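> A structural model of the following input is requested.
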Amino acid sequence: MSRPSWILFTTLSIIHLAYTTVPPATTMTMEQSPLHVVVSQNAEISCNYTSQKELNLLKISLLKGVEKRVHVCSYSWNTTSNATKTERDFNCWVDFAKKQNKTTFHLQNLHVNQTDIYICKIEDLYPPPYEASVSHNGTLIHVKGVSEVPVCQCHQHGLEYMLMIAAIIIFIVYSVTVTAACYYCWRKAKKNRIVRNDYFNMTPWQSNGVKKRQLPQSVPARNYTAYRSWEP
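Numbering: from 1, shown residues only. This next block holds a predicted model:
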């Protein structure tokens, strides 16, 4: 046990010893046990009360600290119903036995900073007059610290690494796809321009003048002089 823990434990023990010497203030009495307990997480506190009259409506509470300012949990009972109320910082449930005049508070999942004196209190709400009694001996609960084992972050770092690699791969594939699409469109447009430039008009060329018809070589040329012999 570390030195600060010993100092806290010794201080609370002295306060607890001084507190147990205080006599009860009312005719109702409340006793609780055990006086001191060392636990890791869970603890039980038994509160036994006595009363000189029949109780029809009562409330039993568990308080924390010498000044009894911290309310841990409480149990209300009457002849028709009952209810338990627990504060947010505590995990508590109550076992009440009316015939034995006994109430047991079960505290679970206690922390080191919850080491303190716990005191039982009973309140007689009906019939009047109102009476209340606080246990003259509290219960000192010392919660031992549990060493925390460091949690390996390997899996978390591995997951982040894999996500980063996946993002990089997706970016590369996307970039290559866009580049290939742009290159294909460029090649296709260039090919269309080349086809349009290589187009020629294949219609035969004709001159504006009328060509002279040439006779075949096998046909002899006419001699028009023979036809002129009759002229005077």
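> any stretches of the chain with poor pLDDT?
Applying pLDDT under 70 to the chain flags residues 1-27, 146-157, 194-232.
> ok, 50 please
Of all residues in the chain, those with pLDDT under 50 make up the ranges 19-25, 147.
> remind me, longest strand of it?
Identified as the longest strand of the chain according to DSSP state E is strand 116-126.
> which elements pack onto it?
Strand 116-126 is packed against helix 3-19, strand 29-33, strand 43-50, strand 57-64, strand 70-78, strand 102-108, strand 131-134, strand 139-143, with contacts defined by 3 or more CB pairs under 8 Å, 6 or more residues apart in numbering; DSSP states H and E. Glycine gets a C-beta too; all of them are placed from N, C-alpha and C.
> run the angle between that strand and strand 102-108 for me.
Per axes from the mean of the first three to the mean of the last three CA atoms, to 10 degrees, the angle that strand 116-126 makes with strand 102-108 is 140 degrees.
> partner strands of strand 116-126 and their direction?
strand 57-64 (antiparallel), strand 131-134 (antiparallel), strand 139-143 (antiparallel) (DSSP bridges).
> can I get the shortest one as PDB, trimmed to CA atoms?
Listed next in PDB are the C-alpha coordinates belonging to strand 131-134 (Å, rounded to 0.1, in the frame of the first residue of the first chain):
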ATOM      1  CA  GLU A 131     -38.200  10.700  15.000                       C
ATOM      2  CA  ALA A 132     -34.800  10.000  13.500                       C
ATOM      3  CA  SER A 133     -31.800   8.000  14.700                       C
ATOM      4  CA  VAL A 134     -28.300   7.700  13.300                       C
END
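> quick one: buried residues of that strand?
Within strand 131-134, the residues that count as buried by 16 or more other CB atoms under 10 Å are Glu131, Ser133, Val134.
> of those residues, closest to Gln114?
Closest approach between those and Gln114, by CB to CB: Val134, at 20.1 Å.
> partner residues bridging the residue nearest to the closest one when sequence neighbours are not counted?
The shortest distance from Val134 to any non-neighbouring residue, by CB to CB, 6 or more residues apart in numbering, is to Lys121 (4.8 Å). Beta bridges link Lys121 to Ser61, Val134, judged by DSSP bridges.
> cool, and Ala43?
Beta bridges link Ala43 to Leu107, judged by DSSP bridges.
> wait, what's in contact with it?
Contact analysis of Ala43 by CB atoms under 8 Å, 6 or more residues apart in numbering lists Val37, His106, Leu107, Leu110, Ile141, Val143.
> kindly report the same for Met30.
Met30 touches Pro24, Cys47, Asn48, Tyr49, Cys120, Lys121, Ile122, Ser133, Val134, Ser135, His136, counting by CB under 8 Å, 6+ apart.
> for the helices and strands packed on strand 116-126, give me a markdown table that also has distance to Ser175.
Output for those, formatted as a markdown table (distance: least, CB to CB, whole Å):
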| stretch | distance to Ser175 |
| --- | --- |
| helix 3-19 | 60 |
| strand 29-33 | 74 |
| strand 43-50 | 64 |
| strand 57-64 | 64 |
| strand 70-78 | 63 |
| strand 102-108 | 57 |
| strand 131-134 | 76 |
| strand 139-143 | 59 |
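> looking at the ones you listed, which is nearest to Phe90?
Comparing those by CB to CB, strand 70-78 comes nearest, at 5.1 Å.
> ok, the next helix or strand after that closest one: who's next to it in the sheet?
Next along the chain after strand 70-78, taking DSSP states H and E as the criterion, comes strand 82-86. Strand pairing for strand 82-86, using DSSP bridges, gives strand 70-78 (antiparallel).
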